[in-house]
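**Q** no sequence for this one, just the structure:
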Ligand SMILES: CSC[C@H]1O[C@H](OP(=O)(O)O)[C@H](O)[C@@H]1O
């Protein structure tokens with residue numbers, strides 16, 4: 001495992017404080033529901049899948065700590081805690097999806113288990129299983145994405161990939177989604193170079209993705225967000241591969257701010273544009289991207305870096321954390337753990353696979 005954003009051992013949860021990277025590697029102990037909510041809201045842990053797993057394991061920590069007199073008490077505490085944790089950030093669907101799945105598991109489990117201690121054990125085992133499941137999902141995404149990209153390469157060509165934000169081990173339980181595709185290409189011997197954008201204002205690219213790429217000695221170059229147009233005009237980029245926070249039924253995709261303009265540049269330069277996404281990020285309850293709530297974050301995240309002011313005092317700021325890329329700009333396809341799908345076939349394929 002390269003870098004672990006989430007460590008859950010013996011009922012205790014430790015999160016890598018990503019606000020301190022790449023300067024220091026500091027883990028924080030999560031002991032209460034509020035600790036978990038704060039860590040997600042402040043983006044000490046971030047990344048759609050990682051947020052979901054950190055949220056659910058926060059509940060597991062409290063379940064392990066507390067004594068409950070009945071299954072009903074456990075269920076009530078779990079439901080209330082999940083409902084609160086889902087409010088920590090609005091755009092990514094994964095934490096809401098995970099909360100719903102845990103609630104469904106609680107309801108089915110109570111039909112089989114009446115002893116509170118046994119119920120709590122099986123519930124926390126289910127919560128813990130999310131970590132390994134996520135890594136397996138990401139490796140499958142990586143494989144499907146890499147093979148699809150390799151198929152489009154000519155002759156002995158190796159892939160040059162551009163990615164945005166951080167979608168690696170620091171955004172998931174491990175391996176990553178879009179960065180998982182880069183890792184798979186590297187493992188298959190088909191990666192020539194990975195370009196990553198700095199991704200202002202939180203700088204997930206320069207602080208986190210660059211950190212992962214250097215750590216694993218993957219050939220890579222950091223560029224500023226405003227350099228992508230020139231890069232595409234000068235280099236033969238094989239594909240742009242990004243992550244997602246919420247993909248809706250028609251394939252419209254919410255992802256880190258700046259993704260939409262990358263997709264427009266990709267269209268103009270005829271570079272395949274892929275979204276790498278686990279099915280836990282797909283929200284078939286929303287029809288189009290217009291229904292997605294876009295989180296706006298504090299101006300200070302734009303005007304300061306490590307408490308040093310970099311913008312004029314008194315200037316107004318607008319700091320949307322995500323944007324929505326229309327499905328018709330996702331020309332390479334949506335890379336899932338079940339395969340690569342075109343936006344217009346996504347809903348039918350996912351409903352067929354998940355039988356929903
Ligand atoms: C596999 S991470 C998906 C997604 O989450 C990131 O957002 P944030 O860093 O604000 O949590 C980014 O949009 C990634 O593409």
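**A** Happy to help now that I have it. Computed from a predicted model, the values in this text were never measured in an experiment.

**Q** Get me the contact residues on the chain for the ligand.
**A** 46-49, 165, 167, 171-172, 177, 204, 242-245, 255-256, 321 (Cβ under 6 Å from any ligand atom). Bear in mind the C-beta positions are built from the backbone N, C-alpha and C, glycine included.

**Q** same thing but at 5 Å, please
**A** Contact residues, the chain versus the ligand (Cβ under 5 Å from any ligand atom): 46-48, 165, 167, 171, 177, 243, 245, 255-256.

**Q** and which of these is nearest residue 142?
**A** Set against residue 142, the nearest of these by Cβ to Cβ is residue 177 (8.1 Å).

**Q** next helix or strand past the longest helix seen in the chain?
**A** The longest helix of the chain (DSSP state H) is helix 116-151. Downstream of helix 116-151, the first helix or strand assigned by DSSP states H and E is strand 159-163.

**Q** mind listing what that next one pairs with, with the direction of each?
**A** strand 191-197 (parallel), strand 239-242 (parallel) (DSSP bridges).

**Q** helices or strands up against the next helix or strand after the last one?
**A** Elements were assigned by DSSP H and E; along the chain past strand 239-242, the next helix or strand is strand 246-248. Under the contact criterion of 3 or more Cβ pairs under 8 Å, 6 or more residues apart in numbering; DSSP states H and E, the helices and strands touching strand 246-248 comprise strand 253-256, strand 282-283.

**Q** Walk me through the domains of the chain.
**A** 6-135, 141-354 (the TED database).

**Q** Quick check: which of those domains is buried the most?
**A** domain 141-354 (a mean of 20; mean count of other Cβ atoms under 10 Å).

**Q** Sketch out the helices for the stretch 201-350 of the chain, chain order is fine.
**A** With helices called from DSSP state H, counting those that start in this stretch, the stretch 201-350 of the chain shows them at 210-215, 228-234, 259-268, 300-303, 343-354.

**Q** close enough to count as contact, residue 99 and residue 84?
**A** No. Using Cβ atoms under 8 Å, residue 99 is not in contact with residue 84, being 9.8 Å away.

**Q** what about the closest residue to residue 174 other than its chain neighbours, distance to the ligand?
**A** Nearest residue to residue 174, sequence neighbours excluded (Cβ to Cβ, 6 or more residues apart in numbering): residue 135, at 4.3 Å. For residue 135, the distance to the ligand equals 12 Å [Cβ to the nearest ligand atom, to the nearest Å].

**Q** Now do the same contact list for residue 135.
**A** By Cβ atoms under 8 Å, 6 or more residues apart in numbering, the residues touching residue 135 are 172-175.

**Q** Run through the helices of the stretch 1-150 of the chain in chain order.
**A** 33-41, 48-65, 71-85, 94-109, 116-151.

**Q** of these, which approaches residue 261 most closely?
**A** helix 48-65 (20.3 Å).

**Q** by contact count, what packs against the closest one?
**A** Short answer (3+ Cβ pairs under 8 Å, 6+ apart): helix 48-65 packs on strand 6-9, strand 12-16, strand 27-30, helix 33-41, helix 71-85, helix 94-109, helix 116-151.

**Q** which ones are touching residue 319?
**A** 201, 296-299, 301-302.

**Q** hmm, try it at 10 Å
**A** Neighbouring residues of residue 319 by Cβ atoms under 10 Å, 6 or more residues apart in numbering: 201-202, 257, 295-303.

**Q** same question, residue 169
**A** Residue 169 neighbours (Cβ under 10 Å, 6+ apart): 1-6, 16, 47, 50, 135, 138, 175-176, 179-180, 183, 208, 211-212, 215-216.

**Q** do the same with residue 147
**A** 181, 184-185, 188, 190, 335, 339-340.

**Q** ok, now residue 349?
**A** Contacts of residue 349 (Cβ under 10 Å, 6+ apart): 279, 334, 336, 338-339, 341-342.

**Q** Now tell me what touches stretch 98-118 from outside.
**A** Contacts for stretch 98-118 (Cβ under 10 Å, 6+ apart): 49, 51-56, 59-60, 67-76, 78-79, 81-86, 119-123, 126-127, 130, 280.

**Q** Give me the distance between the two termini of it.
**A** 22 Å (Cα to Cα, to the nearest Å).

**Q** and that stretch, how far from the chain's centre?
**A** Relative to its parent chain, stretch 98-118 has a centroid offset of 26 Å by Cα atoms, centre = their mean, to the nearest Å.

**Q** Same check on stretch 196-208?
**A** In terms of Cα atoms, centre = their mean, the centre of stretch 196-208 is found 14 Å from the chain centre.

**Q** Give me the distance between the two termini of it.
**A** 10 Å.

**Q** Let me see the contact set for the one residue in the chain that gets nearest to the ligand.
**A** Nearest to the ligand, among the residues of the chain, is residue 243, at 2.9 Å (Cβ to the nearest ligand atom). Contacts for residue 243 (Cβ under 10 Å, 6+ apart) come out as 47-49, 92, 141, 163-168, 171-172, 176-181, 204, 253, 255-256, 259, 275-278, 281.

**Q** same deal with residue 80?
**A** Here residue 80 is in contact with 33, 59 (Cβ under 10 Å, 6+ apart).

**Q** Having no further points to raise, I will conclude here.
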